[in-house]
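Novice: Quick one, what's the 3D model for this:
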Amino acid sequence: MPGLTATAPFPDDVPTHPLFVIDYALLIQGDKQEIAKLWKAGTELGFWYLKNHGVEREVDGMFDMGAETLDLPLEELMRYEQGDNGDSFGYKARGTIQTDANGTRDNVEFLNIAQDDVLSWPRTTHRMYPSTVNARMERTIIPFVRKSMEVNLTFLTIFERQLGLPKGELSKLHSMDEPCGSEARCIKTPPNQSSTGVGAHTDFGTITFLHNRLGGLQVMPPGTQKWLYIKPLSGYAICNVGDALAIFSGGILRSNLHRVMPPPGAQSRFERYSIAFFTRPRDSVVLRALGEKSELIAKAIAMAPAAQYETGTSSADWISRRIRKLRLKNRQGPETWYASMGTEHEGIGRRGGVMRAQAAA
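Specialist: Residues are numbered from 1 along each chain as shown. Next up is the predicted model:
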């Protein structure tokens, strides 16, 4: 399947944004310079490359599993459709969500596999999946999810220390004591597309661990209105901060706007696949700044508009609302799209002048 490998080079004539390259091997050794570089990446753009993460073999298996699954007949895949009620786990068909305020349809399909279902296998926690998923659960999906969890937990441990939070404070918000929205995702975009694959947004959760082999991911650097490609690098993951971590930190860590466009140049002739793992808080965790736990966060809150980081919303409700508002069947006008884009307050998820209406859940 051509989209599983970079069959055409990334072009040199498109605008790109450089990212810090973080060495995971150095992070787990406690290297101070590498930790400082991660902190700079997390607080400035909220995106970084990650090398030496040790998940390469599992990622290759996930690409194969995703291609097998998304090549199944649509009739079969629709048996596992996520629906319009805000559920994330399951299959999403092409053309079912909006990519802008005009209601333009998306051109991607993907499958979300719940972390809870992976860890409880063969017992079902949330839902069933296609046979191609079940066949690769033990040798591919479970190892991928466990290693991805470990990588993202390493980031959380470093960030909580840099934020001056008590040891384990962020980790306990993501414990396995109750269900959560964390999930693995395989995304497929058909070739020769000209429209947006995934519209401008900030990620729902805490940390995203992404793997792609063709271009298409773009970020809008803070203070600009320019979209710049992130060039995929062989063997490197792309990681980013999501809304939950931005809120927990009082905006110190950045959840930055990004979108997915067709691959640039000759890469556009091929199917584009990507594999992601999203770490999200436990369902009942209320998304709010942890100012009472950290002097650094308290100072950040004091400099922000009143109640900017007090969402009053649980992680489960936050994710459900955003997914529900994305679905075209739930569209009521432009404000439906704006309500799906990101956080519901100033300062997070509205970089570069992208405006969002205040919409009821």
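Novice: OK, contacts around the residue lying closest to residue 194 once chain neighbours are set aside?
Specialist: Excluding its sequence neighbours, the residue lying closest to residue 194 (CB to CB, 6 or more residues apart in numbering) is residue 262, at 6.5 Å. In this view, the C-beta of every residue, glycine as well, is placed from N, C-alpha and C. Under the criterion of CB atoms under 8 Å, 6 or more residues apart in numbering, the contact partners of residue 262 comprise 189, 193, 194, 195, 197, 216, 268, 272.
Novice: now, among these, which is nearest to residue 315?
Specialist: Closest approach between the contacts of residue 262 and residue 315, by CB to CB: residue 197, at 25.6 Å.
Novice: Quickly note the distance from the closest one to residue 15.
Specialist: 18 Å (CB to CB, to the nearest Å).
Novice: Looking at the two now, which is surrounded by more residues?
Specialist: Under the neighbour definition other CB atoms under 10 Å, residue 197 and residue 15 were set side by side, and residue 197 has more, 23 against 10.
Novice: tell me the pLDDT at the more buried one?
Specialist: Residue 197 carries a pLDDT value of 88.
Novice: same check, this time on residue 314
Specialist: 96.
Novice: Show me what it bridges to in the sheet.
Specialist: Each beta-bridge partner of residue 314 is listed here, defined by DSSP bridges: residue 286.
Novice: Surely it touches residue 288?
Specialist: No. Between residue 314 and residue 288 there is no contact under CB atoms under 8 Å: 10.3 Å.
Novice: can you map out the helices along the chain?
Specialist: If you assign secondary structure with DSSP state H, the helices in the chain sit at 24-28, 32-44, 56-70, 74-77, 115-120, 131-135, 142-162, 169-172, 243-248, 295-302, 315-326, 334-341.
Novice: Would you point to the one among those helices that's packed deepest?
Specialist: With neighbours taken as mean count of other CB atoms under 10 Å, these reach their highest mean count in helix 243-248, at a mean of 28.
Novice: hmm, who's touching that helix?
Specialist: Counting by CB under 8 Å, 6+ apart, 46, 156, 159, 170, 173, 202-207, 253-255, 280-281, 285, 287-290, 297, 309, 311, 315, 318, 342-343, 348-349 sit against helix 243-248.
Novice: sorry, back to before: out of the helices of the chain, the one nearest residue 212 is which?
Specialist: With CB to CB as the measure, helix 56-70 is the member of the helices of the chain nearest residue 212 (9.6 Å).
Novice: what helices or strands is the closest one leaning on?
Specialist: strand 109-114, helix 131-135, helix 142-162, strand 183-189, strand 207-212, strand 272-279 (3 or more CB pairs under 8 Å, 6 or more residues apart in numbering; DSSP states H and E).
Novice: out of these, which comes closest to residue 69?
Specialist: helix 131-135 (4.4 Å).
Novice: and the closest one, what does it pack onto?
Specialist: Taking 3+ CB pairs under 8 Å, 6+ apart as the contact definition, the neighbouring helices and strands of helix 131-135 are helix 56-70.
Novice: related to what we said a few turns ago, turn the contacts of residue 262 into CSV, including distance to residue 151.
Specialist: Listed next are these as CSV, based on distance: CB to CB, whole Å:
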residue, distance to residue 151
189, 25
193, 31
194, 35
195, 32
197, 25
216, 22
268, 30
272, 23
